[in-house]
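Novice: Turn this into a structure:
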Amino acid sequence: MTLLPVAPAGFRDDPLSATLDEVRTFGSALFDAIVSGEVRSRYDVSRQLAATQGKGLRIKLRVDSPALLGVAWEFLYDSREAEFVCLSRHTPLVRYIEIPQPIQPLAVEPPLRILGMVAGPDGVAPLDVEREKAQLEKAVTSLRQNGRVELVWLEGQSWRALQQALQGGPWHIFHFIGHAGFDEIGGEGLLLLAGEQNEIAPLHATELARLLADQRSLRLAVLNACASAQGGEGSYFSSTAATLVRRGLPAVLAMRYAISDTAAIECTQSFYGALAAALPVDAALSEARKALSLSRLSEHGSAEWATPVLYLRAPDGVLWQTTEQEKAMEPARKPAWWDQLPENLGGFEAGDIGGSVIVGTVGAGAKNVAIGQNITQIISESLGPPTPDDQALIAAQFQRIVGALDAASIEPRTAGRAEANLETLQNELTKMGEEEQPDANTITRVGDWLLDNVPEIAQLLGELFGLPAVGRVLGKAGERTLQWVRQRFGS
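Specialist: Below you'll find the predicted structure:
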């Protein structure tokens, strides 16, 4: 039996009031209690393996006992690295809910459409509605300007207004700003909406789920409301966030505690920015937490970054794929210059190189043939001689590839290695002098690594190898590179 550490007095009700030292002490004891022995060994090995592949390690928290839901798991602290686990996007922590309803990433044509709602009924702490709207709009300003996000505000504060607005979809994100609570008698969370006279009109979690569940394009709900992640000890699905995920929503970002206005806007801005950069939703939350920890804007102490929590049922954290991402993931097409080559060069299925003579099988059932010409001569006759612009064209394409690499959200170690490999590849593909010989082994090795590890630039690499200027260099490198191009980019 694993014994969890006892939190300091008052820590459970208001952990944000604790000092950073108290939070570290508790988080370290919590980490040592559940990540120990064989579990720790597997945790360390899994992290190392993920790092060698340029990936992160998603930590899915499955809690069977409702009594443990109130534990501040987000404070897990690895004293060996002197860092909170969830403050790195390479070790995101999610409250994972596994239900038998498989989901697939949704193909989305930008912009991502956000339906925003603000509810401030009488009888609760007043909200400055216009200020609340301005905060979210400020957070997504740059994303709206470049067409990646569309934000639409719901007119009205009632469930009826929400129902009518949802019918004007498709919507991809529902963003709620207001107040939440927990119905101790009914045993479920709720949002405080407004009635016809602006009176409090509670909308229980099951009722909210009824409205949102039919929106198949909806992939994420952001509940910027205190206690929207609060649940009871009688049921795992008692909180508003957990109820929505149970009904089929792939991800819900909710708040466990009160969050200050300054922290809310920092969290929102960083979170949506990371989502627009194509990070998985859990990694995006880690980036938002990191921003909260660094901004020093917190009005509730140094641990306010633990206020947002993520409930997730998407196994890989991917909620959608934009058409831009899909294009980047498409296999690169056959170089246009391939069709210009003689059939008995482009159609080899197997071959050996013997000096300047190639022996291979052309087409199905054909006999062996021998071509007594040098490959460079064949390429030159088919594609024309090298031109003064070849090197400039190749350099310009590499600039595009490097720009795409810089814009992509790639693990730093992978990005660094990709930059080095691109430099090596460019060096080989610009060996055009008579005394220069591009190396086939280097071209194919580096090309394989880039295509296998950085799919974000695969399309641009296909365009690179589709340049006749590159085709002429590959002819100098030999038949092996031509066969490699056909294999990797399709025949």
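Novice: mind listing what's buried in the helix or strand harbouring Arg472?
Specialist: Taking DSSP states H and E as the definition, Arg472 sits inside helix 468-477. The neighbour-count check on helix 468-477 (16 or more other Cβ atoms under 10 Å) flags 468-477 as buried. Any C-beta I mention is one placed from the backbone N, CA and C, and that applies to glycine too.
Novice: mind putting these in JSON lines, pLDDT and distance to Glu304 included?
Specialist: Converted to JSON lines, those look like this (pLDDT from 0 to 100; distance: Cβ to Cβ, whole Å):
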{"residue": "Pro468", "pLDDT": "83", "distance to Glu304": "57"}
{"residue": "Ala469", "pLDDT": "85", "distance to Glu304": "55"}
{"residue": "Val470", "pLDDT": "87", "distance to Glu304": "52"}
{"residue": "Gly471", "pLDDT": "84", "distance to Glu304": "57"}
{"residue": "Arg472", "pLDDT": "82", "distance to Glu304": "59"}
{"residue": "Val473", "pLDDT": "84", "distance to Glu304": "56"}
{"residue": "Leu474", "pLDDT": "83", "distance to Glu304": "56"}
{"residue": "Gly475", "pLDDT": "79", "distance to Glu304": "61"}
{"residue": "Lys476", "pLDDT": "79", "distance to Glu304": "60"}
{"residue": "Ala477", "pLDDT": "81", "distance to Glu304": "57"}
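Novice: On the three-state scheme, Gln391 is what?
Specialist: Recorded secondary structure, Gln391: helix (DSSP: H, G, I helix; E, B strand; the rest coil).
Novice: which one of the buried residues of helix 468-477 is nearest Leu393?
Specialist: Nearest to Leu393 among the buried residues of helix 468-477: Ala469, at 5.0 Å, using Cβ to Cβ.
Novice: Tell me how far that closest one lies from Asn441.
Specialist: Remark: distance between Ala469 and Asn441 (Cβ to Cβ, to the nearest Å) = 21 Å.
Novice: Which residue ranges of the stretch 51-200 of the chain form helices?
Specialist: For the stretch 51-200 of the chain, applying DSSP state H, counting those that start in this stretch gives helices covering 129-139, 141-145, 159-166.
Novice: packing partners for the first one?
Specialist: In this case it means helix 129-139. strand 112-118, strand 149-153, strand 173-183, helix 261-276 (3 or more Cβ pairs under 8 Å, 6 or more residues apart in numbering; DSSP states H and E).
Novice: Which element, helix or strand, includes the spatially most central residue of the chain?
Specialist: For the chain, the residue nearest the mean C-alpha position is Leu279 (2.0 Å; Cα atoms, centre = their mean). Here Leu279, judged by DSSP H and E, is contained in no helix and no strand.
Novice: Thought Gly56 was touching it, still the case?
Specialist: No: the pair Leu279 and Gly56 does not pass the contact test of Cβ atoms under 8 Å, sitting 10.1 Å apart.
Novice: can I assume Thr243 sits in a strand?
Specialist: No: counting by three-state DSSP, Thr243 is not part of a strand but helix.
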